[in-house]
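Chemist: Sequence and predicted model, in that order:
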Amino acid sequence: MKKITFLLISLFCTLSSFSQVVINEIDADTPSSDILEFIELKSNTPNFALNGYVLVFFNGGSTSPYSGTLIYFAIDLDGYTTDINGIIQFGNPTVSPTAAGTFPITTIQNGPDAVALYLGNATDFPLNTAASSTNVIDAMAYSNAAATQPNVLMTILGISICTNENQTSLSSTKSIQRKTDGTYEVKTPTPGMNNDGSGVIFNYVTTTTNLTTITEGESLIITATTSSAVTTTPLVLSFTLNNGSFNSSDFSGNLNITIPVGATTGTSTISILNDGINEGDEELLIDLVAPSVEYNLNNNSIIIRVNDINFSTLPFGTPANPTYGNVTSTAPVGYYASIEGLSGAALKQGLQNIIANPSVVRTHTYGDLAVILKKADQNPVNSNQVWLIYTEEPRSKFDYQTGNSIIGKWNREHIYCQSRGGFADATSGTPAGINVWSPAGPDIIATGHSDAHHIRAVDGQENSSRNNRNYGVDYNGPSGVAGTWNGDVARALFYMGVRYNGLSVVNGNPVENIIGQIGDLATLLQWNHSDPADDFEMNRNNYIYTWQVNRNPFIDYPNLADYIYGANYGQQWFSTLKVNEVTNTKIALYPNPAKDQITIAGITSKSDVSIYSLSGQLLFQTSIMGETNIKLDLASGIYLCKITSDNHAIIKKIIID
């Protein structure tokens with residue numbers, strides 16, 4: 001606890017109107033994913049130093065005498081000073097005018113909660129400890145519904161009224177604001193200014209850029225604009241760009257913007273340098289130094305993505321433009337020899353003996369998956385990106401989710417859901433590296449939590465949307481995608497059903513609380529054929545093998561699925577039964593988009609043509625020889641056309657207008 005005099009303690013021992021600084025405004029529940037949260041303090045005198053104060057946030061959602069009073073966030077106010085109006089605010093980076101101190105979006109809980117201003121340090125208020133009335137200066141209780149109140153907290157903090165932020169509107173942004181008599185009202189937010197509109201009116205500075213994403217070799221123009229013309233002396237705004245690995249070696253230019261007297265705008269041009277080295281994508285941060293007291297920054301801390309132009313490529317296609325046969329299996333000679341001639345249950349057991357051999361197979365931590373996926377799921381056309389399953393798009397490796405927000409981020413998707421597999425959070429989230437591992441037999445179900453063969457890079461929001469749903473009968477990906485991930489999912493689930501005792505792939509739509517079941521098997525068997533294993537899958541199979549020392553056999557031999565799960569169950573398996581699925585670049589399909597017919601050209605022998613929906617449902621099938629016109633009766637949408645000839649197959653996407 002900071003040293004404070006007895007006089008200061010006496011001065012602040014009472015709440016509200018007798019305090020030199022109070023909680024002036026809070027906006028905890030805002031539209032658009034709570035991106036505009038802020039809390040504002042006001043001092044009785046201007047430019048009041050807040051050394052010795054701390055803001056503490058409490059979760060009052062439970063009525064339990066203990067859990068309804070827990071601390072979830074604290075802001076140490078040392079070094080902060082209120083402005084000429086006695087105002088200072090703390091909030092999300094998107095709040096305007098710019099907050100003196102920022103915190104991530106969704107930090108402030110919506111209520112019923114409370115916030116209190118104390119004398120002390122943030123270290124005096126550890127997270128998940130209970131509220132105390134000691135050294136309270138001011139406190140506010142708030143909620144987003146009239147019927148809920150943090151009653152236990154209110155008693156401890158000496159609060160008699162809980163204000164409902166949504167009492168006037170559920171759809172528009174409102175805040176809770178202190179009136180001059182110490183009571184509160186709900187109205188349109190007034191961040192950075194007195195609630196009654198009085199006080200000094202600042203000349204606000206707004207900063208904009210010509211680009212929000214820039215590539216090495218391009219120029220960034222930074223423009224500052226004042227709300228009224230500059231008077232007396234030119235306004236010089238200094239700024240920095242350094243952020244993480246992005247530093248002065250990555251750019252050149254003037255780090256000052258000058259707005260002349262009588263003008264309202266000024267610019268600075270920054271050249272983003274191409275150093276010829278692939279350091280990966282980065283972000284620069286435009287951080288302006290606060291100007292003199294008559295000015296106020298309307299925005300700050302502007303992040304600009306910097307794409308490294310020196311990325312490398314791989315010699316195969318993306319799942320959206322697949323190639324076949326360019327990447328060969330790195331399975332050791334004889335890896336699958338022991339399953340030759342086996343059938344039925346013996347075939348499945350023999351396969352498990354290979355891919356779950358505890359004397360060979362290794363398990364790593366869930367934390368290692370972030371490292372593994374950046375390599376295994378790398379976008380073949382840009383080494384600084386990963387390829388996202390479901391949404392079928394690339395995303396910068398830089399955008400891997402490390403905080404709470406999933407917007408624009410990618411994370412790790414368990415194809416066999418954690419809850420359905422019974423291995424939720426079963427391994428450490430800390431990466432340990434390729435040389436640290438544990439044996440992994442078929443009965444150690446926890447291994448499934450970090451098994452890379454069924455974990456893919458995925459858009460954070462789409463991961464949340466898929467949740468724990470079964471494939472085909474309940475989940476078919478976002479609208480408009482081509483389904484290039486369908487077979488990948490099927491082969492990952494077939495692997496999990498063999499790799500682990502207690503996990504199975506079943507028909508239908510099994511409920512989530514039946515641990516060890518996921519569906520739909522019938523759909524997955526269709527997907528295994530309609531979306532054959534490509535070079536992208538083989539490459540990730542090869543890479544994961546270097547970590548786990550086991551492979552997904554359904555990528556090496558896709559039609560094994562029919563002998564273990566499908567129509568060929570009970571028949572003997574031999575590796576010579578593998579169906580080669582490669583592209584034939586001479587085959588053409590047109591027009592595309594089409595209306596009621598397509599033409600297939602480049603066929604030199606009798607071929608089978610099958611058309612599937614994105615969910616894997618077979619809609620049309622015929623045999624052709626030579627160039628052939630095929631009439632179609634399909635609704636508008638996206639379909640997959642599989643052309644099989646001489647045990648070679650090609651998948652083409654068809655768009656029907």
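Modeler: The structure has been received and is ready for your questions. Residues are numbered from 1 along each chain as shown.

Chemist: okay, CA-based contacts and neighbour counts for the rest of this
Modeler: OK.

Chemist: list the contacts for the residue nearest to Leu503 when sequence neighbours are not counted?
Modeler: Ranked by C-alpha to C-alpha, 6 or more residues apart in numbering and with sequence neighbours excluded, the top spatial neighbour of Leu503 is Gly516, at 4.3 Å. Applying C-alpha atoms under 8 Å, 6 or more residues apart in numbering, we find Gly516 in contact with 420-422, 502-504.

Chemist: So which of the residues you listed is surrounded by the most neighbours?
Modeler: Gly421 (24 neighbours; other C-alpha atoms under 10 Å).

Chemist: Which stretches in the stretch 551-657 of the chain count as strands?
Modeler: In the stretch 551-657 of the chain, the segments counted as strands under DSSP state E, counting those that start in this stretch are 588-590, 597-601, 607-612, 618-624, 628-631, 637-645, 648-656.

Chemist: Please disregard the earlier target; I meant the stretch 51-200 of the chain.
Modeler: Applying DSSP E, counting those that start in this stretch to the stretch 51-200 of the chain gives strands spanning 53-59, 70-76, 87-91, 101-102, 113-119, 136-143, 162-164, 175-178, 184-187.

Chemist: now Arg412: how far from Tyr366?
Modeler: Look at Arg412 and Tyr366: by C-alpha to C-alpha, to the nearest Å, they are 9 Å apart.

Chemist: Which one's more surrounded, those two?
Modeler: More crowded of Arg412 and Tyr366, by other C-alpha under 10 Å: Tyr366, with 25 against 22.

Chemist: Next up, phi/psi of that one, please.
Modeler: Geometry field for Tyr366 lists phi and psi as phi -60, psi -30, criterion degrees, to the nearest 10.

Chemist: Thought His449 was touching it, still the case?
Modeler: Yes. Tyr366 is in contact with His449 according to C-alpha atoms under 8 Å; the separation is 6.7 Å.

Chemist: rewinding a little: looking at the contacts of Gly516, which are in helices?
Modeler: Among the contacts of Gly516, DSSP state H puts 420-421 in helices.

Chemist: The residue nearest to Pro189 when sequence neighbours are not counted - how many residues pack around it?
Modeler: Spatial nearest neighbour of Pro189, chain neighbours left out: Ser175 (5.1 Å); criterion: C-alpha to C-alpha, 6+ apart. For Ser175, the neighbour count with other C-alpha under 10 Å is 25.

Chemist: beta partners of Ser175?
Modeler: Under the criterion DSSP bridges, Ser175 forms beta bridges with Lys187.

Chemist: For it, list the residues it contacts.
Modeler: The contact partners of Ser175, taken as C-alpha under 8 Å, 6+ apart, are 25-28, 165, 186-189.

Chemist: would a markdown table of those with distance to Thr102 be doable?
Modeler: Formatted as a markdown table, the contacts of Ser175 follow (distance: C-alpha to C-alpha, whole Å):
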| residue | distance to Thr102 |
| --- | --- |
| Glu25 | 16 |
| Ile26 | 14 |
| Asp27 | 14 |
| Ala28 | 14 |
| Glu165 | 22 |
| Val186 | 23 |
| Lys187 | 23 |
| Thr188 | 21 |
| Pro189 | 17 |
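
Chemist: His453 - how many residues pack around it?
Modeler: Using other C-alpha under 10 Å, His453 is surrounded by 25 other residues.

Chemist: where does it land in three-state SS?
Modeler: Secondary structure for His453, judged by DSSP: H, G, I helix; E, B strand; the rest coil, is helix.

Chemist: these two touch, right, it and Pro553?
Modeler: No. Look at His453 against Pro553 with C-alpha under 8 Å: they stay out of range, at 10.4 Å.

Chemist: Touching both of the two, which residues are there?
Modeler: With C-alpha under 8 Å, 6+ apart, His453 and Pro553 have common neighbours Tyr495.

Chemist: returning to that earlier point: could you redo the strands of the stretch 51-200 of the chain as a markdown table and give each row mean pLDDT and distance to Ala432?
Modeler: Compiled in a markdown table, these are given as follows (pLDDT from 0 to 100; distance: least, C-alpha to C-alpha, whole Å):
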| stretch | mean pLDDT | distance to Ala432 |
| --- | --- | --- |
| strand 53-59 | 96 | 35 |
| strand 70-76 | 94 | 29 |
| strand 87-91 | 94 | 36 |
| strand 101-102 | 90 | 32 |
| strand 113-119 | 96 | 39 |
| strand 136-143 | 94 | 43 |
| strand 162-164 | 92 | 47 |
| strand 175-178 | 94 | 46 |
| strand 184-187 | 92 | 51 |
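
Chemist: Helices along the stretch 1-150 of the chain, start to end?
Modeler: Using DSSP state H, counting those that start in this stretch, the helices of the stretch 1-150 of the chain run over 6-11, 31-34.

Chemist: oh sorry, the question was meant for the stretch 151-300 of the chain
Modeler: Under DSSP H, counting those that start in this stretch, the stretch 151-300 of the chain gives helices at 151-157.

Chemist: for it, which spans come out with low pLDDT?
Modeler: 168-172 (pLDDT under 70).

Chemist: same thing with the chain?
Modeler: In the predicted model, the chain carries pLDDT under 70 at residues 1-19, 31-33, 62-67, 168-172, 578-586, 615-616, 646-648.

Chemist: Tell me, how many residues neighbour the residue lying closest to Phe398 once chain neighbours are set aside?
Modeler: Excluding its sequence neighbours, the residue lying closest to Phe398 (C-alpha to C-alpha, 6+ apart) is Asp281, at 6.2 Å. When neighbours are counted by other C-alpha under 10 Å, Asp281 registers 22.

Chemist: got the contact list for Asp281?
Modeler: Counted by C-alpha under 8 Å, 6+ apart, Asp281 has contacts 305-308, 384, 396-398.

Chemist: What is the neighbour count of Asn509?
Modeler: Residue neighbour count, defined by other C-alpha under 10 Å, stands at 17 for Asn509.

Chemist: same deal with the one 5 residues further on?
Modeler: Burial of Ile514 is recorded as 12 neighbouring residues (other C-alpha under 10 Å).

Chemist: residues shared between the contacts of Tyr366 and His449?
Modeler: Thr427.

Chemist: what about the strands in the stretch 401-550 of the chain?
Modeler: Going by DSSP E, counting those that start in this stretch, the stretch 401-550 of the chain shows strands at 410-414, 438-439, 455-459, 504-505, 517-518.

Chemist: Excluding covalently adjacent residues, which one is nearest to Ser256?
Modeler: I think there's a mix-up here, since residue 256 is Asn and not Ser. With C-alpha to C-alpha, 6+ apart as the criterion, Asn256 has its nearest non-adjacent residue at 4.5 Å, and that residue is Ser238.
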